[in-house]
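Colleague: Sequence and predicted structure, then a few things I'm wondering about:
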There are 2 protein chains.
Amino acid sequence: MHINEIETPAVLIDMDRVEANLTRAQAYADRHGLRLRPHVKTHKLPELARRQVALGAIGVTCQKLGEAEAMADGGLADIFLPYNILGPAKLDRLAALHDRVTLSVTADNAETVDGYAGRFSPEHPLTVLVECDTGAARCGVQSPQDAVALARRIAGAPGLRFGGLMSYPPQGRTAEVNDWLGSARSALEAAELPPGTISAGGTPDLMRAAEIPVATEYRPGTYIYSDRMQVAWGHGDLGDCALTVKATVVSRPTAARAVLDAGSKALAADPVPPPFEGHGHITDYPDATITALSEEHGVVDLSRCDRRPGIGETVRIIPNHACVVTNLFDTVHLVKGDEVVGRPRITSRGKLW
Amino acid sequence: MHINEIETPAVLIDMDRVEANLTRAQAYADRHGLRLRPHVKTHKLPELARRQVALGAIGVTCQKLGEAEAMADGGLADIFLPYNILGPAKLDRLAALHDRVTLSVTADNAETVDGYAGRFSPEHPLTVLVECDTGAARCGVQSPQDAVALARRIAGAPGLRFGGLMSYPPQGRTAEVNDWLGSARSALEAAELPPGTISAGGTPDLMRAAEIPVATEYRPGTYIYSDRMQVAWGHGDLGDCALTVKATVVSRPTAARAVLDAGSKALAADPVPPPFEGHGHITDYPDATITALSEEHGVVDLSRCDRRPGIGETVRIIPNHACVVTNLFDTVHLVKGDEVVGRPRITSRGKLW
């Protein structure tokens, strides 16, 4: 099937760019002795996760149980779930997953550790890492001392094994992150709780991950497709972006305005940092700006374009944020050049719980 | 099933509020001799569309073919698809749908009209309305004169029937919209092309729709659930909002910070107009602000809250934009008080084309 035959709106994945993005990151990780554990949230496809593992990744990262279950169904054998899993129903599912794959999780509070401790047993202990807030102000214990206290609680539970430290670090503050995690490692070693794994992540700082030498593992997600947000943050350029949304110009109400059949239900409303603006980059019309989205319409300002698209013309758009786009579509088209080479269903789309 | 048993994150629909919202709007429309044709984009559920019709709506509005097909499957008999439908594959699907239901569409350009004209025949003509840009700067012809020209093209095609005018009006400019559509009606009447239907829409101005007396029909969407965006724009208050996202507090990293298991994959990143801020209203903690979303985390600032939730506590959130939330979940929970009375699959979720 030729890409011209794909009905719009649709997601196209350039597999040559995917391969280049994966290979570049794996080579960097290998060069610096860092283990890669990619986050599947970007592609949500077991076949691409298996490709990441085939290239050298030690396993995958999932953010929700449902995502992890879908990856286990897809043949992934080593899954890290860096989330506080709470409540009997989810703990039962976690236990079932633990019987199928090599599983590790995180906790950043005693309630979560106690929940794990009540559900797992010494015969098949669950590996738990302590999540650390190294400056991103999301989850995580607030100090190396708190990390030691929680590690001690984990290590003291018969059904649990202390696995190390995990952080989702703030962008561009690698030295600060390394200091935080280094202090925590020293404190843990002093407490005879050496952290087996110290896991950092985030695509923006992926190619400078070696600036956090204390980390043993890195969890990049968006690097496989990249997007305008990553490029704005300094990761590669638009030529690396593997995911595009194919759309059709359905209206040309004025000389300077086009309307696409891709709105916020296709491109998502996530904003983009400067120097970019608008809701996506139209590859054939780089001077066009997608100025407004409603659910099924993308409004394009063509006033800076010498050449302008006609009604019925299709375009390809690099979105602001690739991960949320793959959560909006049921399938993606894998393409090589102009040929569609696969059309997988996005098995972990919408796995919110 | 009690709502406490619902795993998070999940969407809950308060059916008493739905009924009140629908009844209020239908009574207003009846009082002003206006036909209602609700937009299904908000709920995406045939059973709620059927309820809208049972209360007096003349049919439904869908924005994409796939949405319309799902509504036809769900028993809706009169569907308006105000979109330029382009290309042979979509025209074939449109023709198939035309054989199943009473169907009407729009066009705002000659290419679209010519596509319809080439696909439909006098034995079973397709009704086409002219979309008019009355100030919202999305799709639509730019002047009443252009509306007449396109109406003439429709009326001149043997397989088409000119159905009237449709506009998605700009908010709060009812007088201007009425002038535009009134001029177009006069010009059409002078051209012996009287518009059978003049269709306006938009929930923000629903309860002042009578300020556009030239309109015969109104297409409200979000009014069934409402949300923070609608309330900010002056439609009702937060007590009318029927859709909430149930979420769990999974982390309390600091005294002033909570983290929810609902991020942009549950609440969507759509911004809210003033006076609101943040990414949703937590009903039990009205002074809390959801300050940041990543895909699976919602970060909450509790600094203005006297009482603060603990780890494992569940909360309910009125989102900024209800329509995009129902596009993120596979199912919703219909609730009456604390009881779940239904759990339909969202059949037209993700129907982008």
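Modeller: Okay, I see it.
Colleague: Which residues of the stretch 201-350 of chain A lie near chain B?
Modeller: A:248, A:250-254, A:257, A:259, A:261-262, A:264-266, A:268-271, A:292, A:294-297, A:299, A:310-312, A:323-324, A:327-330, A:350 (CB under 8 Å from any CB of the partner chain). Where C-beta positions appear, they are placed from N, C-alpha and C, glycine not excepted.
Colleague: Would you mind checking the residues you listed for buried ones?
Modeller: Neighbour-count burial (16 or more other CB atoms under 10 Å in any protein chain shown) is assigned, among those, to A:248, A:250-253, A:257, A:259, A:261-262, A:264-266, A:268-270, A:292, A:294-297, A:299, A:311-312, A:323-324, A:327-329, A:350.
Colleague: Could you report the neighbour count for A:Glu5?
Modeller: Residues lying near A:Glu5 (other CB atoms under 10 Å in any protein chain shown) number 9.
Colleague: Can you tell me, leaving aside adjacent residues, what's nearest to it?
Modeller: A:Val340 (7.8 Å; CB to CB, 6 or more residues apart in numbering or on different chains).
Colleague: and that neighbour, bridged to which residues?
Modeller: In this entry, A:Val340 is beta-bridged to A:Val335, by DSSP bridges.
Colleague: list the contacts for it?
Modeller: Going by CB atoms under 8 Å, 6 or more residues apart in numbering or on different chains, A:Val340 touches A:1-3, A:5-6, A:333-334.
Colleague: Return the members of those classed as buried.
Modeller: Buried members of these, counted by 16+ other CB under 10 Å: A:3, A:6, A:333-334.
Colleague: Let me see the contact set for the nearest residue to A:Leu81 once chain neighbours are set aside.
Modeller: Nearest residue to A:Leu81 in three dimensions, chain neighbours excluded: A:Val105, at 4.8 Å (CB to CB, 6+ apart). Each residue near A:Val105 by CB under 8 Å, 6+ apart is listed here: A:80-83, A:85, A:94, A:116, A:126-129.
Colleague: ok so A:Val105 is a helix residue?
Modeller: No. Applying DSSP: H, G, I helix; E, B strand; the rest coil, one finds A:Val105 to be strand, outside a helix.
Colleague: Could you check the pLDDT of the residue nearest the centre of chain A?
Modeller: Closest to where the C-alpha atoms of chain A average out (CA atoms, centre = their mean) is A:Gly221, at 3.0 Å. pLDDT, A:Gly221: 98.
Colleague: ok, now which ones touch A:Asp338?
Modeller: By CB under 8 Å, 6+ apart, A:Asp338 lies in contact with A:2-4.
Colleague: Tell me which of the buried ones among the residues of the stretch 201-350 of chain A next to chain B fall in strands.
Modeller: A:248, A:250-253, A:257, A:259, A:292, A:294, A:297, A:299 (DSSP state E).
Colleague: before we move on, back to that, dump the contacts of A:Asp338 into JSON lines; add pLDDT as well.
Modeller: Below are those laid out as JSON lines (pLDDT from 0 to 100):
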{"residue": "A:His2", "pLDDT": "97"}
{"residue": "A:Ile3", "pLDDT": "97"}
{"residue": "A:Asn4", "pLDDT": "96"}
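Colleague: could you pick out which of those residues are near chain B?
Modeller: Among those, not one lies near chain B by CB under 8 Å from any CB.
Colleague: Looking at those, spot the one nearest chain B.
Modeller: A:Asn4 (10.9 Å; CB to the nearest CB).
Colleague: For the residue lying closest to A:Leu352 once chain neighbours are set aside, what are phi and psi?
Modeller: Nearest residue to A:Leu352, sequence neighbours excluded (CB to CB, 6+ apart): B:Pro9, at 5.1 Å. Main-chain torsions, B:Pro9, degrees, to the nearest 10: phi -80, psi 150.
Colleague: that older thread, ok, what's across the strand from the residue nearest to A:Leu81?
Modeller: A:Leu81, A:Val128.
Colleague: Per-residue pLDDT of it, please?
Modeller: On the pLDDT scale, A:Val105 gets 98.
Colleague: got the domain boundaries for chain A?
Modeller: A:15-225, A:234-320 (automatic domain parsing).
Colleague: Quick check: end-to-end length of the last one?
Modeller: Using CA to CA, to the nearest Å, the end-to-end distance of domain A:234-320 comes out at 14 Å.
Colleague: repeat for stretch A:297-310
Modeller: 16 Å.
Colleague: For A:Gly280, which residues are in contact?
Modeller: Contact analysis of A:Gly280 by CB under 8 Å, 6+ apart lists A:228, A:245, A:267, A:290, A:298, A:317-320.
Colleague: Can you classify A:Ile317 as helix, strand or coil?
Modeller: Taking three-state DSSP, the label given to A:Ile317 is strand.
Colleague: bridging residues for it?
Modeller: A:Val245, A:Ile282.
Colleague: got a list of what it touches?
Modeller: A:Ile317 makes contact with A:244-247, A:260, A:262, A:267, A:280-283, A:290, A:298, according to CB under 8 Å, 6+ apart.
Colleague: With pLDDT added, can I get those in JSON lines?
Modeller: Compiled in JSON lines, these are given as follows (pLDDT from 0 to 100):
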{"residue": "A:Thr244", "pLDDT": "98"}
{"residue": "A:Val245", "pLDDT": "98"}
{"residue": "A:Lys246", "pLDDT": "98"}
{"residue": "A:Ala247", "pLDDT": "98"}
{"residue": "A:Leu260", "pLDDT": "98"}
{"residue": "A:Ala262", "pLDDT": "98"}
{"residue": "A:Leu267", "pLDDT": "98"}
{"residue": "A:Gly280", "pLDDT": "98"}
{"residue": "A:His281", "pLDDT": "98"}
{"residue": "A:Ile282", "pLDDT": "98"}
{"residue": "A:Thr283", "pLDDT": "98"}
{"residue": "A:Ile290", "pLDDT": "98"}
{"residue": "A:Gly298", "pLDDT": "98"}
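Colleague: From the residues you listed, list the buried ones, please.
Modeller: A:244-247, A:260, A:262, A:267, A:280-282, A:290, A:298.
Colleague: okay, the contacts of A:Val105 in CSV with neighbour count and pLDDT next?
Modeller: Converted to CSV, the contacts of A:Val105 look like this (neighbours: other CB atoms under 10 Å in any protein chain shown; pLDDT from 0 to 100):
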residue, neighbour count, pLDDT
A:Phe80, 26, 98
A:Leu81, 21, 98
A:Pro82, 23, 98
A:Tyr83, 25, 98
A:Ile85, 23, 98
A:Leu94, 21, 98
A:Tyr116, 24, 98
A:Leu126, 23, 98
A:Thr127, 21, 98
A:Val128, 28, 99
A:Leu129, 29, 99
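Colleague: how far away is the residue nearest to A:Leu352 from B:Asp261?
Modeller: 6 Å (CB to CB, to the nearest Å).
Colleague: Overlap in contacts, these two.
Modeller: Listed contacts common to B:Pro9 and B:Asp261 are A:353, B:247-248; contacts here mean CB under 8 Å, 6+ apart.
Colleague: Reformat the residues you listed as a markdown table; add distance to A:Gly163.
Modeller: Formatted as a markdown table, the shared contacts of B:Pro9 and B:Asp261 follow (distance: CB to CB, whole Å):
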| residue | distance to A:Gly163 |
| --- | --- |
| A:Trp353 | 24 |
| B:Ala247 | 27 |
| B:Thr248 | 24 |
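Colleague: before we move on, the earlier item: now flag whichever of the buried ones among the contacts of A:Ile317 is closest to chain B.
Modeller: Using CB to the nearest CB, A:Ala262 is the member of the buried ones among the contacts of A:Ile317 that lies nearest chain B, at 7.9 Å.
Colleague: how about the residues of the stretch 1-150 of chain A near chain B?
Modeller: So the stretch 1-150 of chain A meets chain B at A:7-10, A:41, A:63-64, A:83-84, A:86-87, A:89-90, A:108-109, A:111-112, A:133, A:137-142 (CB under 8 Å from any CB).
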